[in-house]
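Enquirer: pasted the sequence and its predicted model underneath.
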Amino acid sequence: MSEIDQCTLLRAAVGPEHDDPFDERGYHVAIWNDDLREMATAGWVSGIEMLSEVEKLKAGRAEMEESFRRAYARANVEAPEDLLSKIGAYGVSLADDWDRRIEEAEAEADDLDGWNCTPAVHIKKDQAVRLTSAGWAEIAELLAAEPAKSLPGRLARLHDLGFHDTAIRDASVILECTLRNVVGSTASGLSLIEAFIKLLRSSDQWIEWEILRFRSDLRTVFKFIRNQFAHEIVDVSAVRAKVILERIALLIDAVGDSLSEPNSITPL
């Protein structure tokens, strides 16, 4: 979606499309480019290209032209010959702006004469970034060496017995019950989350960016985990189940302590 300050913003391809891709009802994740570069180089994720800065700018220009072409096609309007002739924010055409940036990058590359060895991270539009089997294996090693959170006895026993989907289903129920207890509400799902977030804001104990992160963590668990495991029998590996269970266990503790110990969220 966007890249700024050496960080890439991604949107999960779930739920309805919104006119504004940055709509808060969407599901977003921001990742440091250094982390993406490391994971892609190690083969832990797919969907990422390593390009020179010049190559990345040229790819960005081509993708913008293609997005404009698709927009004209959807509107059943003939596309102009120069798709980037529109005047941008700085009083120059988009085409001229792209040309300037590419020329500057080419000049810098010539000056450095090969010393600029750090490749630029590039994700094609509509390209999914996914964990590979090697990525899951790396997660398994990390969890074995240093678990993020010890699981409550009930969830740990279910996981150890191989009832992975049952453990995740129970963890989701415990999280939802914890939210209801804190809020004092019989609401469920996303409505319950919004009631909880409203309570945090009214407490004046949290700053806004922390509330937004809390909201994002909860919505992610409900959308991607709780809903699926509540309505389906899911065949899930022990490693993936452990990752999910530890995430939910962290959130259960954070929700329970949210008013008595503000700012105690453990980053997920």
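Expert: Perfect, thanks for sending it.
Enquirer: ok, now how distant is Met39 from Arg70?
Expert: 30 Å (Cβ to Cβ, to the nearest Å). Where you see a C-beta, it was placed from the backbone N, CA and C, and this is true even at glycine.
Enquirer: quick one, which of these two is more surrounded?
Expert: Met39 (20 against 12; other Cβ atoms under 10 Å).
Enquirer: not counting sequence-adjacent ones, nearest residue to the more buried one?
Expert: Val45 (4.6 Å; Cβ to Cβ, 6 or more residues apart in numbering).
Enquirer: tell me the phi and psi of the one you found?
Expert: phi -130, psi 160 (degrees, to the nearest 10).
Enquirer: count the residues that sit near Leu161.
Expert: Neighbours around Leu161, by other Cβ under 10 Å: 10.
Enquirer: Glu210 versus that one, what's the distance?
Expert: Between Leu161 and Glu210 the distance is 37 Å, computed by Cβ to Cβ.
Enquirer: Ser85 is in what secondary structure piece?
Expert: Counting by DSSP states H and E, no helix or strand carries Ser85.
Enquirer: Gly135 too?
Expert: Per DSSP H and E: helix 133-145 holds Gly135.
Enquirer: tell me how far whichever helix or strand comes after that helix lies from the chain's centre.
Expert: The helix or strand immediately downstream of helix 133-145 is helix 153-160, counting by DSSP H and E. Offset of helix 153-160 from its chain centre (Cα atoms, centre = their mean, to the nearest Å): 28 Å.
Enquirer: report the buried residues of helix 153-160.
Expert: Leu155, Leu158, His159 (16 or more other Cβ atoms under 10 Å).
Enquirer: give me the helices and strands touching it, please.
Expert: helix 164-183, helix 238-256 (3 or more Cβ pairs under 8 Å, 6 or more residues apart in numbering; DSSP states H and E).
Enquirer: name the residues that touch the longest one?
Expert: Right, the one you point to is helix 164-183. Helix 164-183 is contacted by residues 152, 154-155, 158-159, 186-188, 192-193, 195-196, 199, 218, 221-222, 225-226, 229-230, 233-238, 240-241, 244-245, 248-249, 251-252, 255-256, 258-259 when judged by Cβ atoms under 8 Å, 6 or more residues apart in numbering.
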